[in-house]
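# Output the structure for:
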Amino acid sequence: MNPLIHTKPDGTRVVRLTPGKRVLFLTKDYASIEEQLHAGRNLRMVDVDPASLLDDINTDAMTPAWVCFRHKPEDIALDAYAGLVHKGGAKDGARVFATRALMDGGFEVVVSGQRKGTGSSRETAPQCERWSGVHLVVAASFAPIHERNNINLGQLMGSYEQLARLQAGEEIPLAEFTERYDQVTRAILEEGGLFPFSAAYKSGKAKVPAPTTAPRPMTIAEKILAAKLVGAQGAAHLAPGDICLVKVDGGYSHEFTTAQVHHFLAQEYGPDYALPNPAKFAVFEDHLLYADGVKRMAPFAAQIQTLRDLQNEFQRHTGVRDYSAKQGVSPGICHQVAREQFVDPGDFIQATDSHTCMGGGSNALTWGVGATEYAALVHSGFTFVIVPETIRFDLVGALRPGVTAKDLILHILKVHAVPEHTLDRVMEFGGPGLASLSLDERATLCNMATECSAKSGVCEADEALVEWIAARRPGVDKALLRARCVAPDKDATYHGGRYAIDLSKLEPMVAEPGDPTYGKDVSKLGEVRIDIAYGGSCTAGKEHDFDMYALVLQDALAAGRGVAPGVKMYIQYGSEAVRDYARAKGYLDIYARAGVEVINPGCGACIGCGPGVSETKEQVTVSAINRNFAGRSGPGRLYLASPLTVAASAVAGRIVEYRPGMFSTTTTTTNAGAGPKGS
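Below you'll find the model as predicted:
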């Protein structure tokens, strides 16, 4: 039970602050944070300008990767906010929060600005606060997965106005903190989290009313969820805000998260717990496979091995599908392998990673959840869902040469994510322009829906999708696949709005260091020399991505060029199937001649755990991955770009957009041994 919630003699439940406990204001002025942590300074909401509060605190800042190598929440909390570091000045790169700083500060409230908890779905982020004694989190807005993780842990979330009243000594009815939610979410918070609520539901104490929405036109997401309702009799209809129990078609976890799932299940249901449908779920060894080769990860080798061992123990214990590495080689990144092997149109998929939404490119509804929620759903086979709103993007025209889906999603991030049009909504992609995008490019769009702080992304289906799946699964019934495809109703309501995007008007873009929303046209970037070019990750390790790398590098080789002197370029397969595809196409010879290092399947540099990470803060990387938070892929400056831009920049030695034939008009020598000398 949340210790800030008190029951009065008349049964009324109220929230009040604890005498002697403190409120921590995360401001843009890091010196102010340090004064609160170490000098005992106390601030009051009435004296703080909300504009001075820190926006876009991402989960990497709250619990960077090396903190997530611990699986017990009480150990994670020791280094809460370890990724929040000084930028510039004498303290450049130094941690704002030392070990135990939050835990020993006596804080029970943490306050910040807009979009708290962006980035990875890691539940370790709210865990680091809760197990440090924080039980009320105040912000202007929350990223959707982070908000759900807070709810599942029983963490209250409040407003600036509510905090001012609490600091003035007022008791506030609990209902004021929970009334904006549906009755199930209110019950989860009031019971103290998801596991206590699940026990109350099982005992009959808590109820989940069946939706009563009248027939109405529905979006893709609404139709998929309506088809999965537990106990539904006949055709069902849903609308945004409906709360329901929904059957899960499948899911997965990886070695970064499985240990917590195993730990929570054993704690809640005993060491002999069992799963009712293990064949629906899987474990992947993909995230930490190459961590041993990164110098700064060496101190955490034992913790990483513990995570691997616990995932293996979970797999043996439960019998879920096993995608572990064999002889040091992973089958691939979970999201890529899932779409290749078992995500089907119309599926509802849940997994412990924020890029689970990549499956939306296959006309499935997929999103990431925290370890607590995943543990609950694999144990029951269903989950609680609040039907999300949808925002529609109608694509028209076609992309010009040199422009990709990565440029499209960077455009959407800049234009629609910053003003929060996409916040906590499903991004539905359709229109005649969608047909001009390959299935891999559609997956890129949906993959980065999470960077938009969206609930998920989903694409309309067509015959190209059916053929793509059938080509990878021998014997699949195409007619059955077609029958599974879900289209929105003609008059569906899009609460997030409906936006037309002319693909032909888009330009190659980059996201400048710090956040994927910092988009800029490459043509307006100016001179940015690079040290590293990286192509890979779930976002850019697909077959079509490898086509793009090969296109640019073959163009360079024809002009007597290769990777520029002083630049290292890495390309990493998203899966074994992608590796086999690249071999069959003859791409490995092109990459070798151009001077590229090719890496076996895995996540790698995207999470700072593989070749391609920067080693110093002075290094500059241009990368095709999905997010560029500080420290995400090493201490250097990280620009996000498309596979075409990454490969062209590797040859040019600076960030440039790709234009066919561009290398024949300039003269630059290649790296030694990287193919013919410059023209």
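# Can you list the buried residues in stretch 337-352?
Within stretch 337-352, the residues that count as buried by 16 or more other C-beta atoms under 10 Å are 337-352. In short, each C-beta sits where N, CA and C put it, glycine included.
# Could you tell me which residues make contact with the closest residue to Gly536 other than its chain neighbours?
With C-beta to C-beta, 6 or more residues apart in numbering as the criterion, Gly536 has its nearest non-adjacent residue at 3.0 Å, and that residue is Gln572. Counting by C-beta atoms under 8 Å, 6 or more residues apart in numbering, Gln572 touches 534-537, 541, 598-602, 604-605, 610-612.
# One more: His335?
His335 neighbours (C-beta under 8 Å, 6+ apart): Ala351, Asp353, His355, Thr356, Met358, Gly359, Asn447, Cys538.
# Greatest separation within the buried residues of stretch 337-352: which pair is it?
Pro345 and Thr352 (22.9 Å; C-beta to C-beta).
# Specify the beta-bridge partners of the residue nearest to Gly536.
Beta bridges link Gln572 to Ile599, judged by DSSP bridges.
# still on that earlier bit, among the contacts of Gln572, pick out the one closest to Glu313, please.
Among those, Gly602 lies closest to Glu313 (C-beta to C-beta), at 21.5 Å.
# is it true that that closest one touches Phe284?
No - under the criterion of C-beta atoms under 8 Å, Gly602 makes no contact with Phe284, lying 9.9 Å away.
# which residues are common contacts for these two?
With C-beta under 8 Å, 6+ apart as the test, Gly602 and Phe284 both reach Ser330, Ile333.
# after the one helix or strand Ala302 maps to comes which helix or strand?
Assessed by DSSP states H and E, Ala302 sits inside helix 301-318. Under the assignment DSSP H and E, the closest C-terminal helix or strand after helix 301-318 is strand 321-323.
# in its sheet, what does that next one sit against?
strand 281-284 (parallel).
# Looks like Tyr181 contacts Leu189 (just checking).
Yes - between Tyr181 and Leu189 there is a contact under C-beta under 8 Å: 7.3 Å.
# of those two, who's got more company?
Neighbour totals were compared for Tyr181 and Leu189, and Leu189 leads with 25 against 17 (other C-beta atoms under 10 Å).
# can you map out the helices along the stretch 201-350 of the chain?
220-226, 258-269, 301-318, 334-341 (DSSP state H, counting those that start in this stretch).
# which outside residues touch the longest one?
Looking back up the chat, that one is helix 301-318. Contacts of helix 301-318 (C-beta under 8 Å, 6+ apart): 69-71, 253-256, 258-259, 261-263, 274-275, 278, 281, 283, 285, 288, 291-292, 297, 320, 322, 324, 378.
# are any of the residues you listed buried, and which?
By 16+ other C-beta under 10 Å, the contacts of helix 301-318 give 69-71, 253-256, 258-259, 261-263, 275, 281, 283, 285, 288, 291, 297, 320, 324, 378 as buried.
# buried residues in stretch 498-512?
Buried residues in stretch 498-512, defined by neighbour count with 16+ other C-beta under 10 Å: Ile501, Leu503, Leu506, Glu507, Pro508, Met509, Val510, Ala511, Glu512.
# Next, give me the two most distant ones among those residues.
With C-beta to C-beta as the measure, no two of the buried residues of stretch 498-512 lie farther apart than Leu503 and Glu512, at 23.1 Å.
# May I see the buried residues of stretch 498-512 organised as CSV, with secondary structure, pLDDT and distance to Val329 added?
Listed next are these as CSV, based on DSSP: H, G, I helix; E, B strand; the rest coil; pLDDT from 0 to 100; distance: C-beta to C-beta, whole Å:
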residue, secondary structure, pLDDT, distance to Val329
Ile501, strand, 98, 39
Leu503, helix, 98, 37
Leu506, coil, 98, 37
Glu507, coil, 98, 38
Pro508, coil, 98, 34
Met509, strand, 98, 34
Val510, strand, 98, 32
Ala511, strand, 98, 31
Glu512, coil, 98, 35
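# which of those residues lies closest to Leu37?
Set against Leu37, the nearest of the buried residues of stretch 498-512 by C-beta to C-beta is Glu512 (29.8 Å).
# So what's the residue count around the closest residue to that closest one other than its chain neighbours?
What sits nearest to Glu512 in space, not counting adjacent residues and going by C-beta to C-beta, 6+ apart, is Tyr518, at 4.2 Å. Neighbourhood size, Tyr518 [other C-beta under 10 Å]: 17.
# my guess is Tyr518 meets Met509, correct?
No - applying C-beta under 8 Å, one finds Tyr518 not in contact with Met509, separated by 10.3 Å.
# For Lys21, state which of the buried residues of stretch 337-352 is nearest.
For the buried residues of stretch 337-352, the nearest to Lys21 is Thr352 (31.9 Å; C-beta to C-beta).
# Pass me the low-pLDDT residue ranges in this structure, would you?
233, 665-679 (pLDDT under 70).
# give me that answer again for 50
The model of the chain has pLDDT under 50 over residues 667-679.
# Double-check that Ile145 belongs to a helix.
Yes - if the criterion is DSSP: H, G, I helix; E, B strand; the rest coil, then Ile145 is within a helix.
# Leaving out the residues flanking it, which one is nearest to it?
Nearest non-adjacent residue to Ile145 (C-beta to C-beta, 6+ apart): Ser121, at 4.5 Å.
# Measure how buried Gly328 is and give me the count.
8.
# now swap in Asp491 and tell me
Asp491: 8 surrounding residues under other C-beta under 10 Å.
# now swap in Ser203 and tell me
Neighbours of Ser203 under the rule other C-beta under 10 Å: 8.
# next one: Asp353
Considering only other C-beta under 10 Å, Asp353 is surrounded by 29 other residues.
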